[in-house]
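> Give me a model of this one.
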Amino acid sequence: VGGGAHAFDNTSSAPITGAGAFLTESRPNGSLTLWKGRSKDHMVSDPHYLTVYAIGMKIDGVTSTYLRSQISLDSTVSSSANHPIAEKSVPSGYMLIGGGAFDNYSGYGNMLVKSYPKNSTTWYVEGKDHRRADPCSITAYAIGLNNISYANVGYIQTEYIWEDNYVPYGYNHAETYVTNEDWGLTCPGGKDTYYHLGRMMISIRPDIPSWRTYDVSTWSSDNYYMDNGADTAWAIRVN
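Below is the predicted model:
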């Protein structure tokens, strides 16, 4: 029902510290059986690692086969642009529980800037090229759950929450919390707001279970040309 991706150097807790590497993909596969992530350095070589996360969902008393039959996956592909934008809504009667993005570049690179829940039914994604033109399309994915009463638990509630953090330049880190134990995280999201040449996403990921210091973490950075901006960490949660 959700997942994330995190590019890093030599420790899973820190982002890229060299020239820079950025996310280009964080999305489900077509059968909702795995999460796919991809990252790239840009203009200057920066070998790095990539961790990908997958989040599953279980409802007590509901079989996995039946639950899967009540989950939808829809996608849409944007037109080609230097800053491609796409958004996709779940079908009528469904609740948004997750989403993802795939930047379909083929040249210098087009990196993720935004992949987050725009509202309770729509997932929004955005990419950008940087320092070298590379127009491409971007694909938005929306994962939905049928809004019906389920055995033993009744109707499922969903909610999306977020927290912002601003920096004048360099790396930025935002995080948000699912503080009530009655709620469970289904999917993280990230939004990078920049004001000049650009900032790109390094990480959109769920919490590491052994840490339990936050529930969603995002990292972003400018690339050689300093730019101020704000990161927003998003979480979709269910009850």
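> And the host helix or strand of T139, how far out from the chain middle?
Assessed by DSSP states H and E, T139 sits inside strand 137-146. Distance of strand 137-146 from its chain centroid, counting by CA atoms, centre = their mean, to the nearest Å, is 11 Å.
> quick one: strands adjacent to the helix or strand following it?
Using DSSP H and E, the helix or strand that directly follows strand 137-146 along the chain is strand 149-150. As defined by DSSP bridges, the strand partners of strand 149-150 come to strand 154-155 (antiparallel).
> For T65, what are phi and psi?
Per-residue torsions, T65: phi -60, psi -40 (degrees, to the nearest 10).
> cool, and S69?
Dihedral angles (degrees, to the nearest 10) for S69: phi -70, psi -20.
> Enumerate every residue touching it.
S69 makes contact with no residue under the criterion CB atoms under 8 Å, 6 or more residues apart in numbering. Using the backbone N, CA and C atoms, a C-beta is placed for each residue, glycine as well.
> follow-up on the earlier one: can you give the strand pairings for the strand holding T139, parallel or anti for each?
Counting by DSSP bridges, the strands paired with strand 137-146 are strand 71-77 (antiparallel), strand 94-104 (antiparallel).
> Quick check: which of those is buried the most?
Most buried of the strands paired with strand 137-146 by mean neighbour count (mean count of other CB atoms under 10 Å) is strand 94-104; its value is a mean of 26.
> how about the helices in the chain?
Remark: helices assigned in the chain by DSSP state H are 64-69.
> Identify the residue nearest the geometric centre of it.
By CA atoms, centre = their mean, the chain has its centre lying nearest to G189, at 3.9 Å.
> Check what pLDDT that one gets.
At G189, the model reports a pLDDT of 97.
> so what's H173 bridging to?
On the basis of DSSP bridges, H173 is bridged to W219.
> and it, what pLDDT?
So H173 comes in at 89 (pLDDT).
> coming back round to it: which positions within the strand holding T139 qualify as buried?
S137, I138, T139, A140, Y141, A142, I143, G144, L145, N146 (16 or more other CB atoms under 10 Å).
> try stretch 30-41
By 16+ other CB under 10 Å, the buried positions in stretch 30-41 come out as L32, W35, G37, R38, S39, K40, D41.
> what's the neighbour count on the residue nearest to the fifth one when sequence neighbours are not counted?
If I follow you right, that is S39. Spatial nearest neighbour of S39, chain neighbours left out: A7 (4.2 Å); criterion: CB to CB, 6 or more residues apart in numbering. A7: 26 surrounding residues under other CB atoms under 10 Å.
> any low-confidence regions in this structure?
For the chain, the stretches with pLDDT under 70 are 10-19, 179-180, 208-214.
> thinking again about what came up before, list the contacts of the residue nearest to S39.
Counting by CB under 8 Å, 6+ apart, A7 makes contact with P15, I16, A21, F22, L23, S39, H48, Y49, L50, I202, S203.
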